[in-house]
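Colleague: Predicted structure and sequence below. I'll ask about it afterward.
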Amino acid sequence: MPEADSLAELGVILGPKGGELRVWSASATAMELCLFDDRDANWIAQRLPMTRSEGDVWVVASTDLVAGVRYSVRATGPTTPGHAFDPALHLIDPYARGLARAETGDWRGYVQEPDTFDWGNSAPPRIGMDHTVMYEAHTKGISKLNPDVPEHLRGTYAGLAHDTTIAYLKDLGVTAVELLPVQQFVSEQRLIKQGLTNYWGYNTLNFFTPHAGYASRAAQHGGTGAVLREFKGMVKLLHEAGLEVVLDVVYNHTAEEGMTGPTTSLRGLDNRHYYRQAPDGRYVDVTGCGNSLNTATAASQRLILDSLRYWANDVQIDGFRFDLAATLGRNDAGDFDPEHPLLLAIRDDPQLAGTKIISEPWDVGMGGWQVGKFPAGWSEWNDGYRDRMRDFWLTDIGATRATGSAPNGIGSLARRLAGSAHVFAHERGPLASVNFITAHDGFTMADLTSYNEKHNLGNGEKNRDGTDHNHSFNYGVEGATDDDSIRDARGKAMRNLLGTLLLSAGVPMLTAGDEFGRTQRGNNNAYNQDSELTWLPWEREGWQDELLEVSRQLIQLRGENPALRPVRFGIAGETIPSATQMDWYNKEGLSMSEQDWDSPVERTLQYLAASTPEFEEFNRILLIVHGLEDDVTVTLPRHAGVTGYLLLWDSAVEDPSESMTEHAPGGELVVAGVSMQLFRAH
């Protein structure tokens, strides 16, 4: 007979005669369920003792454990170092599908009503990674300032799903909205004392409930069930529009913070097993957030898997971006293991089949930078891509102005442009790389071109927070300027950054607002700024509308040209299905020499890429990249089967409609300083 699964059906399971609660704890010596009065979440109506059963699962059944009931768990156990039992504390069931607050501010579990949500004909779009364009956005920030959204829905799940928000996303051309954390979170104690809030949401209280603060007021007054229905309604409407929903999930740590932080759930149930600790009970913090979930234990692994299954199936989420994912892959000794059972289980779990799985492949612990080391089937944020593209278009230009010579050639950019094969194993292919220039943390794209230094005084940490390594260039003036030459240079730099991002092999991720040059006025760590500084502006200046049109065109060109989005890495001399055959030429139209790759004087290349069709028509493109401020004359390459080049886009031109000119192989053309051009070869 198959071995019984002792960790199955944790949490509350409803039946015809009430419900059963199952909570895991290997260290507890006693546990009880508290049911609260219907009208007063502080008044304990019943205390029911729980019994330890197989696999250290504590169980209780009651005819009064029904939908709509608020409940908590109390646990008793050892008081030796490493444990944190306090039988007076009301703890949240880690598997609670709903949450409610008492007047004291304490949290209670809530037994969610049976799921009767009508998904209608809505279904996950299942967009292939090679056709995916990610759009990282904040659930509140995306619609908070949208004047076309009814005021009572702005900044809510319903506001994100409003017709005008969806129309904007569809018109832009992105395929997936990646939402900053939406699992119920709270602000850190330090921020509360400062009178600030955690805007980004990387401080999770519970892994199974949507954040109530993003629901409309009507849904919040309707309770946790209404919040969930509004969330599902958002997913349904986005799916009906053909847009995928990817969640940024924080399983590496919890809102219980360090040992002196609030004990709300896992710490009070089994601190020794849920959190990484030294033998003396001190936390081993590899996240920088006070605690680190110990994913070497079966219970922690199962908690994460069950949470993912819930969101993927019950809520129909299309994918997950795992914050500080290196923490999830650390073994019992604390070392990162690419074959960690949790990483493999997330990839191989049948209940997660078809979902996108994306890692932030680092944490702050020893050996925490693991880019390129995750198992096949995972995609990864590629910070090397981010830094090199910023350097090529920004800091290298600043250095050239200062010293007369660029510090780098073009080879490093080219490797990343072609899919970062030097980072990701051949069998993983270019889609293992999630390419990005910016993300929620760090400068916006406009600020990369406007600030050399961070300006974070508003965060309340005396400008000590946030990175000092921004790879940015302000073109001679810090912040806003009326100097037209500087404004023009910044505009072209943004077009180059957008063009590189959207024309590179891999999966592009665009940060909300970068498509039209949103600024945070130099704040590169706006995690506690819930204001117009971080909300997406919906009123734009003329130059921003022009940049938005460039972004639309680039996304459209990516979709129309399969050669820009290979699924597999090519092999010289072989025809690999859904790969790209690449040829590299210098400005004279000759094959690149070693000097052409590495010389800071020769920062010009021509990248001829031909698709190897498997599901789409044959396609060939030519991309010219020029990384010096002087104009350069380029001889277009002669290549077998190529009779002409149609110019599709030129980053030196603000108005995209001025493109679409025809050129012959062997012909010469002038490429403007620090710019790029895309052609379709025929």
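Modeller: On my side now, so go ahead. Numbers count the residues shown, from 1 in each chain.
Colleague: where does G77 sit relative to L269, distance-wise?
Modeller: Relative to L269, G77 is positioned 9 Å away (CB to CB, to the nearest Å). All C-beta atoms are positioned from the backbone trio N, CA, C, and that covers glycine.
Colleague: list residues touching both of the two?
Modeller: Listed as contacting both G77 and L269 by CB atoms under 8 Å, 6 or more residues apart in numbering are 25, 28.
Colleague: Name the residue in those two with the higher neighbour count.
Modeller: Set G77 next to L269 and count neighbours by other CB atoms under 10 Å: L269 wins out with 29 against 22.
Colleague: what residues are up against the more buried one?
Modeller: Here L269 is in contact with 23-25, 28, 73, 75, 91, 94 (CB under 8 Å, 6+ apart).
Colleague: Skipping adjacent residues, who's closest to it in space?
Modeller: Once flanking residues are discounted, L269 sits nearest to S25: 4.9 Å by CB to CB, 6 or more residues apart in numbering.
Colleague: Measure how buried that neighbour is and give me the count.
Modeller: Neighbours of S25 (other CB under 10 Å): 25.
Colleague: I'd guessed it sits against D270; true?
Modeller: Yes - between S25 and D270 there is a contact at 4.3 Å, judged by CB atoms under 8 Å.
Colleague: Pass me the low-pLDDT residue ranges in this protein, would you?
Modeller: Filtered on pLDDT under 70, the chain yields the residue ranges 1-3, 656-659.
Colleague: how near is the residue nearest to L269 to N252?
Modeller: 21 Å.
Colleague: what's the answer for Q677, then?
Modeller: Look at Q677 and N252: by CB to CB, they are 42 Å apart.
Colleague: Overlap of the contact sets of S25 and D270?
Modeller: 75, 77.
Colleague: Give me the domain ranges for the protein.
Modeller: 11-110, 578-681 (automatic domain parsing).
Colleague: Make a markdown table out of those domains and add distance to V227.
Modeller: Shown next, in a markdown table, are the domains of the chain (distance: least, CB to CB, whole Å):
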| stretch | distance to V227 |
| --- | --- |
| domain 11-110 | 8 |
| domain 578-681 | 40 |
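Colleague: For L510, which of those domains is the nearest?
Modeller: Smallest distance to L510 across the domains of the chain (CB to CB): 16.2 Å, for domain 578-681.
Colleague: one step back: how about the residue nearest to L269, what does it touch?
Modeller: Counting by CB under 8 Å, 6+ apart, S25 touches 31, 56, 58, 75, 77, 269-270, 273.
Colleague: returning to that earlier point: turn the contacts of L269 into JSON lines, columns for secondary structure.
Modeller: Shown next, in JSON lines, are the contacts of L269 (DSSP: H, G, I helix; E, B strand; the rest coil):
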{"residue": "V23", "secondary structure": "strand"}
{"residue": "W24", "secondary structure": "strand"}
{"residue": "S25", "secondary structure": "coil"}
{"residue": "A28", "secondary structure": "coil"}
{"residue": "V73", "secondary structure": "strand"}
{"residue": "A75", "secondary structure": "strand"}
{"residue": "L91", "secondary structure": "strand"}
{"residue": "P94", "secondary structure": "coil"}
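Colleague: Output those in TSV; the columns should cover distance to I571.
Modeller: Conversion of those to TSV gives the following (distance: CB to CB, whole Å):
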residue	distance to I571
V23	53
W24	48
S25	53
A28	56
V73	56
A75	57
L91	55
P94	47
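Colleague: Going through these, which ones are buried?
Modeller: By neighbour count, with 16 or more other CB atoms under 10 Å, the contacts of L269 hold 23-25, 28, 73, 75, 91, 94 as buried.
Colleague: And those, which is closest to R126?
Modeller: Proximity of those to R126 (CB to CB) peaks at P94, which lies at 30.4 Å.
Colleague: Which residues are in contact with the residue nearest to D596 when sequence neighbours are not counted?
Modeller: Excluding the flanking residues, the one nearest D596 by CB to CB, 6+ apart is N586, at 4.5 Å. Listed by CB under 8 Å, 6+ apart, the contact set of N586 reads 592-593, 596, 602, 604-606.
Colleague: Just put those residues in TSV and tack on distance to D484 and neighbour count.
Modeller: Listed next are those as TSV, based on distance: CB to CB, whole Å; neighbours: other CB atoms under 10 Å:
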residue	distance to D484	neighbour count
M592	36	19
S593	39	11
D596	34	22
E602	31	20
T604	27	21
L605	30	24
Q606	31	27
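Colleague: taking these one by one, which sit in helices?
Modeller: D596 (DSSP state H).
Colleague: distance of the residue nearest to L269 from H83?
Modeller: Here S25 is placed at a distance of 11 Å from H83 (CB to CB).
Colleague: what touches both of the two?
Modeller: Taking CB under 8 Å, 6+ apart as the criterion, S25 and H83 both touch G77.
Colleague: Please enumerate the strands of the stretch 501-650 of the chain.
Modeller: 507-511, 580-585, 604-611, 620-626, 632-635, 645-650 (DSSP state E, counting those that start in this stretch).
Colleague: Would you give the sheet partners of the first one, along with the direction of each?
Modeller: Here strand 507-511 has these sheet partners by DSSP bridges: strand 134-137 (parallel), strand 433-436 (parallel).
Colleague: which residues does D482 contact?
Modeller: D482 touches nothing, counting by CB under 8 Å, 6+ apart.
Colleague: Go through the contacts of L269 and name the one nearest N452.
Modeller: Closest approach to N452 among the contacts of L269 (CB to CB): P94, at 45.3 Å.
Colleague: Quick check: phi and psi on R97?
Modeller: phi -90, psi -10 (degrees, to the nearest 10).
Colleague: swap in G499?
Modeller: According to degrees, to the nearest 10, G499 has phi -60, psi -40.
Colleague: That one touches L678, doesn't it?
Modeller: Yes - under the criterion of CB under 8 Å, G499 is in contact with L678, at a separation of 7.4 Å.
Colleague: Name the residues contacting each of these two.
Modeller: Residues touching both G499 and L678 (CB under 8 Å, 6+ apart) are W649.
Colleague: which phi and psi does I304 have?
Modeller: In terms of degrees, to the nearest 10, the main-chain angles of I304 are phi -70, psi -50.
Colleague: Out of the domains of the chain, which gets nearest to F231?
Modeller: domain 11-110 (11.8 Å).
Colleague: centre of the chain versus the closest one, how much separation?
Modeller: Domain 11-110 has its C-alpha centroid displaced from the chain centroid by 33 Å (CA atoms, centre = their mean, to the nearest Å).
Colleague: Stretch 585-598 now?
Modeller: For stretch 585-598 - counting by CA atoms, centre = their mean - the centre lies 36 Å from the chain centre.
Colleague: Counting neighbours, show which residues of it come out buried.
Modeller: Across stretch 585-598, burial judged by 16+ other CB under 10 Å covers 585-587, 589, 592, 596-597.
Colleague: mind putting the residues you listed in CSV, distance to G641 included?
Modeller: Output for the buried residues of stretch 585-598, formatted as CSV (distance: CB to CB, whole Å):
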residue, distance to G641
Y585, 15
N586, 21
K587, 22
G589, 16
M592, 20
D596, 24
W597, 25
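Colleague: sorry, back to before: closest to E380 out of the buried ones among the contacts of L269?
Modeller: Scanning these for proximity to E380, where the rule is CB to CB, the winner is P94, at 27.8 Å.
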